[in-house]
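Colleague: Generate a structure from the sequence data that follows.
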Amino acid sequence: MLNDPVNRRRMLVASATGLATVGGLVPRTVNSVGATDSGDSQNSGTGGRAKSTILFFLCGGASQIDTWDMKPAAPAEYRGPFQPVATSAADIQLCEHLPLLAQQAHHLSLIRSVSGTVNTNDHHGGYYYNLTGHAPDQTFLIKGNDRTPYPDDWPFMGAVAASRRNRHAFLPNAMTLPHMPSRKPYTRPGQFSARLGVQYDPLYLQGSNENPLSFSAPALELQAGTDTSRIASRAELLTALDDARHHFDENATGIFTQQQQRAFSMLSSAQTTQAFDVSKEPVQLRQRYGETVNGMSLLLARRLVEAGVPFITVFWLGDGVGTPLAKKCRSAGSWDTHGSNFACLKDDLLPEFDQCFSALVEDLDQRNLLDQTSLLVSSEMGRNPKIGDPRSGGVSGAGRDHWTHLLTNVVGGGGIQGGRVYGSSDRLGEYPAENPVTPAHVLHTVYHAMGITNLEAKDSQDRPYQLLDEGEPLYDLF
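Modeller: Residues are numbered from 1 along each chain as shown. Below is the predicted model of the structure:
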């Protein structure tokens, strides 16, 4: 039916307003969320401070043993050449190649005992588990990278947070930048609202390595020759919207109307454009973050916090397949260091991360925004503590393979005490030792920081269910 002009028009209209998803026009199950947490609630005096959350996701699988959880006493075939150094927090040591972040460590805490084991030991499953808090089902094992996002998947943590906040005046409650992982058709599951309903899907902003100061929202771009003054009066567009609305069922009609209103609001608001414009920031501050696409994405995330967006996700954008760094690391890029792990980290990944993330922490603190902004640094997996990956020549290739059995998460802000370490790993950095937790505990901790205590949703039959019934907040961090 792709050649049917009516169906093509319906798809284009739905796409323009955010209704088209990777699973189809609308999910088969549309949920009613119920009561919304205001974000001002206090839970035993410890949670509820965070008005916004910034998730910095290090795509590819960042090595825990070479950054946050070093093992200087482990055998050489595990520990590698990097040395730990003291930081501004007495209980935290970090890799020597994170000197700027070491000065900000008193604002951050480490969760060193996260077991994110997935049955596939791969990126797809790791994304899903760490972004939703739910372990992947058998379809991930059966289909591998062909396992596309499903409409009835468990929802992304940002979508859950978005559903618990009052609607923003002119922006979506959840925004993701500077890309949608991964290259199509291998889009990573777990980053969408899924069964919660497409009205809570994040708006994606597109950035690039070539022009790091420029961000665009493809879903909001106007056709050539169309300006905002013509949007409200375009009879053809309104007719198309009305025609498309009739093809949705009663529940979806309400969602479509909400998405239509949101699209019109964003298209016609000068505030939307201003919020995305990092070139307005002083040159000195941009240079402090580093004028890379990842640095400018974190700077834009801070602007979106100031604009009142509840949940902002920055997915680390690497150089991509076939680039010098990807070839050097024997992977598709980013933090997937199958080869030359130590050279890739020392020369490329850690310097950029150290500069941009330390700048974000420092910037939020100086603006008195850190206490009301929850920070989470995560990844889909850790790396194998034993050096040597068969795909890069074994030990001589100096790579680290996938390792979902252990990773460290970095948290801060939003009422979380800085300078703390929760849990520990074993002497080789392979598995959790003390206070083992799962990604579900991490998500609950973020929700707790935001004052989100109601995780009940309802399916299309008005039956209640829990969005995340495993794990609990790590109260000791608050």
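
Colleague: Mind jotting down where the strands sit in this structure?
Modeller: Remark: strands assigned in the chain by DSSP state E are 52-57, 84-86, 93-95, 108-114, 174-177, 203-204, 311-315, 373-378, 382-383, 402-403, 407-412, 421-422, 456-458, 464-466.

Colleague: mind putting these in CSV, mean pLDDT included?
Modeller: As requested, these are arranged in CSV below (pLDDT from 0 to 100):
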stretch, mean pLDDT
strand 52-57, 98
strand 84-86, 98
strand 93-95, 98
strand 108-114, 98
strand 174-177, 97
strand 203-204, 93
strand 311-315, 98
strand 373-378, 98
strand 382-383, 98
strand 402-403, 97
strand 407-412, 98
strand 421-422, 98
strand 456-458, 95
strand 464-466, 96
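
Colleague: Looking at these, which is nearest to residue 140?
Modeller: Each of the strands of the chain has some distance to residue 140 by C-beta to C-beta; the shortest is strand 402-403, at 13.8 Å. From N, CA and C alone the C-beta is placed, and that goes for glycine too.

Colleague: what residue lies at the spatial centre of the protein?
Modeller: Nearest to the mean C-alpha position of the chain, by C-alpha atoms, centre = their mean, lies residue 313 at 3.9 Å.

Colleague: how far away is residue 85 from residue 92?
Modeller: Distance of residue 85 to residue 92, given as C-beta to C-beta, to the nearest Å: 10 Å.

Colleague: more crowded one of these two?
Modeller: residue 92 (20 against 14; other C-beta atoms under 10 Å).

Colleague: And the closest residue to that one other than its chain neighbours, how far from residue 90?
Modeller: When the adjacent residues along the chain are set aside, residue 92 lies closest to residue 105, with 4.7 Å between them (C-beta to C-beta, 6 or more residues apart in numbering). Distance check for residue 105 against residue 90: by C-beta to C-beta, it reads 9 Å.

Colleague: what's the overlap in contacts for those two?
Modeller: Jointly contacting residue 105 and residue 90 under the rule C-beta atoms under 8 Å, 6 or more residues apart in numbering are residue 419.

Colleague: and the end-to-end length of stretch 128-142?
Modeller: 15 Å (C-alpha to C-alpha, to the nearest Å).

Colleague: Setting aside sequence neighbours, what's the nearest residue to residue 362?
Modeller: Closest to residue 362 by C-beta to C-beta, 6+ apart is residue 104, at 6.0 Å.

Colleague: got it, and residue 321?
Modeller: residue 332 (5.0 Å).

Colleague: isn't that neighbour right next to residue 323, touching?
Modeller: No: look at residue 332 against residue 323 with C-beta atoms under 8 Å: they stay out of range, at 9.6 Å.

Colleague: Between the two, which has more neighbouring residues?
Modeller: Set residue 332 next to residue 323 and count neighbours by other C-beta under 10 Å: residue 332 wins out with 20 against 14.

Colleague: list the contacts for the more buried one?
Modeller: Residues counted as contacts of residue 332 (C-beta under 8 Å, 6+ apart) are 60, 182-183, 318, 320-321, 326.

Colleague: The spatially closest residue to residue 181 that is not a sequence neighbour: how many residues sit nearby?
Modeller: Nearest-residue entry for residue 181: residue 188, 4.6 Å, with adjacent residues in sequence omitted and distances by C-beta to C-beta, 6+ apart. Residue 188 has 25 neighbours, counted by other C-beta under 10 Å.

Colleague: Okay, residue 188 and residue 361: tell me how far apart.
Modeller: 26 Å.

Colleague: Could you give the number of residues near the spatially closest residue to residue 374 that is not a sequence neighbour?
Modeller: The spatially closest residue to residue 374, leaving aside those adjacent along the chain, is residue 414, at 3.3 Å (C-beta to C-beta, 6+ apart). Residues within reach of residue 414, counting by other C-beta under 10 Å, total 27.

Colleague: For residue 414, give me its contacts.
Modeller: Going by C-beta under 8 Å, 6+ apart, the list of residues near residue 414 reads 49-50, 53, 371-375, 449-450.

Colleague: So how do I select the buried members of those residues in ChimeraX?
Modeller: Isolation of the buried members of the contacts of residue 414 (16 or more other C-beta atoms under 10 Å) is achieved in ChimeraX through the command below:
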select :49,50,53,372,373,374,375,449,450
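
Colleague: Tell me, how many residues neighbour the residue lying closest to residue 171 once chain neighbours are set aside?
Modeller: Taking C-beta to C-beta, 6+ apart, and ignoring the residues beside it in sequence, residue 171 has residue 309 as its nearest neighbour in space, at 5.5 Å. By the measure other C-beta under 10 Å, the count of residues near residue 309 is 25.
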